[in-house]
Structures are given as structure tokens and as C-alpha cells.
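Asks: quick one, structure for this:
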Amino acid sequence: MAATINGKTIPMSELDNAIKSQLYMRLFDIYYNRSIALDNILNEKLITLEAVNRGISVDSLRELEIYSKLSEPLLNDFAIENELTQGIPDQLQPGRLVDPNSEKGKMYLKELFFKASEKKYIETLKSKYNVKTFLSPPLTPRIQTENIITRPLNKTDNKISVVIASDFDCPSCRSNFSIVKQLIEKNQDRISFYYAHLSGEVTEPMLFSECASENSGFYDVYTAMFENIKGDTIDYNAVASQLSVDLTEIRECMQQKSPSLNESLQSSIQALRKEGVTFTPALIIDGRIYYGEFTQDAILKYISEISENQ
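Replies: Residues are numbered from 1 along each chain as shown. Purely as a prediction, here's the structure:
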């Protein structure tokens, strides 16, 4: 009970429902902070245990199993695999990219390579020493998705589904596009991905994507539109060229179908907001809103853990 009015109860559940997004964000923060702390503790304990068992120092073990593995071909493969050939995130200025051929870029690339290599090595030690962890992410309630319009981004017969609620005009959606693209490309054989429009109103890019997808798969339209943003605007000529579609025909479609598309898309947006999906980009994983970190590792870890707990 939170309060009463003339003896009539206002239950705590009513308060929680009113601020459920904020509550789950806090719960996810607690979970990820605990996960980071647990990973750090496990890493040090496992490295130390392995070093002791092999009769060498921790530094020698890291040199032998991680640092000595570095080679130019492996570094190049790592850069290609992680789409770092065009730029590496600046550790001091988030949002900016560093030239991979610069001294700073080469240093950052090596640091990322060593971090990834140590992570892989730790996984082998977890298996060797039979590590079991019992932290689990908060399980958000399932939402109603029947009235939400979604467009498939890959095959739809996978066991796991992820809806990406996004907006072509959203700065955060644009900056996180590469994460979503890699997530789809690396997991399309086991996860079915869908796109849902979410914005304050129906916009021109939404209508354009709907008409352009009549002659192209929505994934192709989705990637072409995010890849052809010049400054703050979308270069529709470049998008049409990349998709090999007629820009005039798309414009005609937008004009003809605008009333019906406006109505259906606005209804879908309202359905998303009613269920508490009010931010972009947002992920709905198997019908549950995801409030965690927007990184590939965090998203995949969450998918893995909720799959095991369902």
C-alpha cells in the first residue's frame, strides 16, 4: 500500500506501473554493474589459478597466451571482422573515430585485439575450471505486440525474435546503426529481426521506406537509408541508386498511399507507446522490452540468459 484516499487504497503496484521504465532501467544498471564486478573477479582468479598451476607468473601467462599471439594478419582480420577498417572509436572522445592507420588508431586497434583475445582465453579457463555463474538479468513483462506493424529484416522462422523500434531521423539510432547491422548479420541464422517505426509522428523517411520496400527487401531499404545520411539529411537519390529503384515511382507511391500509411503507422506508434516503448532505438526481445546497454555483447548475453531462464 502506498497511500489511501478516504480509506480507498492506492497500491504500490500502481506506482510501479507508472514508473516501470525507470524501475527496469535501474534494475538493469544494478545487474550490469554486478556482472562487470563478477567478470573482473572471475578473470583475476582464473588467470591467477592457471598461472599457479603452470608454475609461472600472471604476467608470463598473459604474455604467453595473449600478447604473443599478435600478428599483422590476425590484426587485419580482427579489424575487418569488427568493421574497424574505416575508423576506430576514440577512447577519449566518444562518438569520434580515429584513423586506423594513425599511431593512435594502431594503438587502439591493438588494445581492442588484446581485450578480445583475453576474453576468449578466459572463456577457455571457465570451461576448464567448471565455472558456474548465477546472476540473471531482470525479466521484464511481455508486452502486447499484435497491433505493432513490423517489417522482417531476415528470415522469420527462428526461435528467437527481436523487434528494433527505431527512427531514421533519430541521432542515437544513426550512431547505433552499425551495432544493429552487425547484430543482424552475425545472428541472422538463429534470431529473427524485425523493424518497427517509432517517432513522435509519421515522417517522410518512414513513408519513403515503406514505398521503397515494395520492390526491395526491407533490410536493404533499412541499411541503404542509414548508410546514405549526409549531414542531417538522407540522400534519397543515393538510396534509390543503391536499391536500383526509380525515385519518381517511390515519390508517386508516397503521394498515393500517404493517407492510409499515415493512419496505419500512427496507430502502430501509439501501440508501441502504450506498451511503454517510448525511446529509440529500442529492442523488444521475445516480447520483452530491453533496457540494458546497447552493445552487441550485452544484447547477446541478455538473449542467451533469458532463453535459459524461460
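Asks: can I assume residue 99 is in contact with residue 87?
Replies: Yes - using CB atoms under 8 Å, residue 99 is in contact with residue 87, at 6.9 Å. Any C-beta I mention is one placed from the backbone N, CA and C, and that applies to glycine too.
Asks: now do the shared contacts for those two.
Replies: Here residue 99 and residue 87 have residue 105 as joint contacts, going by CB atoms under 8 Å, 6 or more residues apart in numbering.
Asks: low-confidence ranges in this structure?
Replies: Residues of the chain that meet the criterion pLDDT under 70 lie in 94-95, 308-310.
Asks: domain parsing for it?
Replies: Structural domains annotated on the chain: 21-128, 151-309, as defined by automatic domain parsing.
Asks: most tightly surrounded among those?
Replies: Each of the domains of the chain was given a mean neighbour count from mean count of other CB atoms under 10 Å, and the largest, a mean of 17, is that of domain 151-309.
Asks: return the distance of that one from the chain's centre.
Replies: From the chain centre to the centre of domain 151-309 is a distance of 12 Å (CA atoms, centre = their mean, to the nearest Å).
Asks: all further residue positions should be reported with the first residue as 49.
Replies: Noted, 49 is the first residue going forward, which turns the last one into domain 199-357.
Asks: show me where this protein has helices.
Replies: 60-66, 68-102, 106-113, 120-129, 151-176, 219-223, 225-235, 252-260, 266-275, 284-291, 295-322, 344-357 (DSSP state H).
Asks: the longest one vs helix 344-357, what angle?
Replies: Right, the one you point to is helix 68-102. When axes from the mean of the first three to the mean of the last three CA atoms, to 10 degrees is applied, the directions of helix 68-102 and helix 344-357 differ by 100 degrees.
Asks: which helices and strands does helix 68-102 pack with?
Replies: Counting by 3 or more CB pairs under 8 Å, 6 or more residues apart in numbering; DSSP states H and E, the packing neighbours recorded for helix 68-102 are helix 106-113, helix 151-176.
Asks: need those helices in TSV with distance to residue 121, can you?
Replies: As requested, those are exported to TSV (distance: least, CB to CB, whole Å):
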stretch	distance to residue 121
helix 106-113	19
helix 151-176	12
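Asks: that older thread, export the domains of the chain as JSON lines, with columns for distance to residue 63.
Replies: Below are the domains of the chain laid out as JSON lines (distance: least, CB to CB, whole Å):
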{"stretch": "domain 69-176", "distance to residue 63": "9"}
{"stretch": "domain 199-357", "distance to residue 63": "15"}
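Asks: which one of those domains lies closest to residue 60?
Replies: domain 69-176 (11.4 Å; CB to CB).
Asks: and the closest one, how far out from the chain's middle?
Replies: The offset between the C-alpha centroid of domain 69-176 and the centroid of the whole chain comes to 19 Å, using CA atoms, centre = their mean.
Asks: now do the same end-to-end measure for it.
Replies: Terminal residues of domain 69-176 are spaced 40 Å apart (CA to CA, to the nearest Å).
Asks: hmm, back to that, and the helices of the chain: which comes nearest residue 201?
Replies: Residue 201 lies closest to helix 266-275 among the helices of the chain, at 4.3 Å (CB to CB).
Asks: isn't residue 267 up against residue 204?
Replies: No - contact status for residue 267 versus residue 204: not in contact, 11.9 Å apart, counting by CB under 8 Å.
Asks: residue 69 contacts residue 326, doesn't it?
Replies: Yes - at 6.9 Å, residue 69 and residue 326 qualify as touching, with contact defined as CB under 8 Å.
Asks: need the contact list for residue 288.
Replies: Shown in contact with residue 288 (CB under 8 Å, 6+ apart): 260, 294-295, 298.
Asks: oh sorry, the question was meant for residue 200
Replies: With CB under 8 Å, 6+ apart as the criterion, the residues that contact residue 200 are 240-242, 266-267.
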